[in-house]
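Undergrad: Predicted model, plus sequence, below.
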Amino acid sequence: MNNYILGIDTSAYTTSIAIVDEDTGEIKINLKKILSVPKGQKGLRQQEAVFQHLNNFQELFSSIDLDLSHVSIVSVSSRPRRIEGSYMPVFTVGKNYGEVIAKTLNCSFVEYSHQENHISASLIDNYKEISNNILAIHISGGTTEFLKAEKSNIGYNTEIVGGSKDITFGQLIDRIGTYMAFSFPCGVHMEEYIKDYSNFDKITLPSVSKSTYINLSGIENYYKNLIDKNKYNKQSLIYSLFEYVAQCIINIISLLKMNLDFKTIIITGGVAANSIIRDMVISKFSFEYNIIFPSRDNSSDNAVGLAYLPIIDRWYNET
């Protein structure tokens, strides 16, 4: 009889449910629904996001066509990071639903962080080879953090060693995107817009901070000023923005490698799905490090990592 692990993630902008076969690791269910953001807005208030999660979860859960009596573990993300005081209201939706489901099915219930979910989703194909000496880069609409990560008995221990001091890479892209009248979240629409364009104007990039902790709000103003001047076409501005983000990532990695011993670099989160940013980082470091980008689908918010974490924990603790 198959046993399943049910993963639940209710993040800032996506409701996610995944089911994985506990013995084979086969992904049986991978459902996601992005929260609706009114046109022109740059995000959602937490209470609005919570309300949408409540509706989305019921819709997604009702569509599951599996015998849920075979679920042996319910795995949820209950907070952004696994540190004291880490909290966002949206994660209480998944946690509460998960506890009720686990109680109803009389099965195990385990909590992880949203960040551990992203790390796990990056390692589902090679977690047996990689447990330590990891630099995990989590870049999304809500987070720009560079983390020293190591496997622990439950999930991953992480320490922030770099990142942004103000807005995130995702916020920077979304703010410029909405200024250009793209729909939120903007990154995927902006990338699609320049996909078949190759004749980009050369735009001088803003100076990249020589620190592992950077500020990005000034860069938002820099690109808005370029847009207002109407000197460059939209495609060139978008490409330049993606290039700047990639250069920031490259610079921080270059600074961190002076003092940290890491062999594997994981780059995950919604921004990591961007193919232009991926290609630039890989081109710089592929001969020096084992660079792991999850699939584009698993880069953005998902629950697959949560469904895999109990499997990864079991393997790690047994070995």
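TA: Nice, I can see it. Residues are numbered from 1 along each chain as shown.
Undergrad: Quick one: mean pLDDT for stretch 167-179?
TA: Across stretch 167-179, the average pLDDT comes to 96.
Undergrad: typo on my end, stretch 105-117
TA: pLDDT averaged over stretch 105-117 gives 97.
Undergrad: what's the span of that stretch, first residue to last?
TA: Taking Cα to Cα, to the nearest Å as the measure, stretch 105-117 stretches 23 Å from start to finish.
Undergrad: At which residues are the strands of the protein located?
TA: Along the chain, counting by DSSP state E, strands occupy 4-10, 14-21, 27-34, 71-79, 108-113, 134-139, 144-151, 156-164, 213-214, 264-268, 290-292.
Undergrad: Using TSV, lay out these together with distance to V188.
TA: (C-beta placed from N, C-alpha, C; glycine too.) Formatted as TSV, the strands of the chain follow (distance: least, Cβ to Cβ, whole Å):
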stretch	distance to V188
strand 4-10	19
strand 14-21	13
strand 27-34	10
strand 71-79	22
strand 108-113	25
strand 134-139	14
strand 144-151	18
strand 156-164	21
strand 213-214	24
strand 264-268	16
strand 290-292	21
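Undergrad: Now tabulate these in TSV and tack on mean neighbour count and distance to I277.
TA: Output for the strands of the chain, formatted as TSV (neighbours: other Cβ atoms under 10 Å; distance: least, Cβ to Cβ, whole Å):
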stretch	mean neighbour count	distance to I277
strand 4-10	29	23
strand 14-21	25	20
strand 27-34	17	20
strand 71-79	24	24
strand 108-113	19	24
strand 134-139	27	8
strand 144-151	22	12
strand 156-164	19	15
strand 213-214	18	15
strand 264-268	24	8
strand 290-292	18	12
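Undergrad: Out of the ones you listed, which is closest to L226?
TA: strand 213-214 (19.4 Å; Cβ to Cβ).
Undergrad: so what strands line up beside that closest one?
TA: strand 156-164 (parallel) (DSSP bridges).
Undergrad: Can you report how many residues lie near N126?
TA: 11 (other Cβ atoms under 10 Å).
Undergrad: ok now stretch 34-53, how far from the chain's centre?
TA: 18 Å (Cα atoms, centre = their mean, to the nearest Å).
Undergrad: hang on, the earlier thing: of the strands of the chain, which approaches G94 most closely?
TA: Of all the strands of the chain, strand 4-10 sits nearest to G94, with 3.7 Å by Cβ to Cβ.
Undergrad: what helices or strands is the closest one leaning on?
TA: strand 14-21, helix 46-62, strand 71-79, helix 90-105, helix 114-122, helix 304-318 (3 or more Cβ pairs under 8 Å, 6 or more residues apart in numbering; DSSP states H and E).
Undergrad: ok, and what's touching the longest one?
TA: Applying Cβ atoms under 8 Å, 6 or more residues apart in numbering, the contact partners of helix 46-62 are 8, 10, 12-13, 15, 17, 31-33, 35-36, 44, 88-90, 92-94, 97.
Undergrad: average model confidence for that helix?
TA: Helix 46-62 shows a mean pLDDT of 96 in the predicted model.
Undergrad: Helix 90-105 and that one, what's the angle between them?
TA: 30 degrees (axes from the mean of the first three to the mean of the last three Cα atoms, to 10 degrees).
Undergrad: Tell me the buried residues in helix 46-62?
TA: Buried residues in helix 46-62, counted by 16 or more other Cβ atoms under 10 Å: E48, A49, V50, Q52, H53, N56, F57, L60, F61.
Undergrad: list the contacts for K284?
TA: I250.
Undergrad: The same query, at a cut-off of 10 Å, please.
TA: Contact analysis of K284 by Cβ atoms under 10 Å, 6 or more residues apart in numbering lists A246, Q247, I249, I250, I253, S254, I291.
Undergrad: what's the pLDDT at the residue lying closest to D174 once chain neighbours are set aside?
TA: Ranked by Cβ to Cβ, 6 or more residues apart in numbering and with sequence neighbours excluded, the top spatial neighbour of D174 is C186, at 4.8 Å. We have a pLDDT of 94 for C186.
Undergrad: Neighbours of C186, how many?
TA: 23.
Undergrad: Distance to V271 for the buried residues of helix 46-62 - can I get that in TSV?
TA: Below are these laid out as TSV (distance: Cβ to Cβ, whole Å):
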residue	distance to V271
E48	23
A49	19
V50	24
Q52	22
H53	22
N56	23
F57	25
L60	24
F61	29
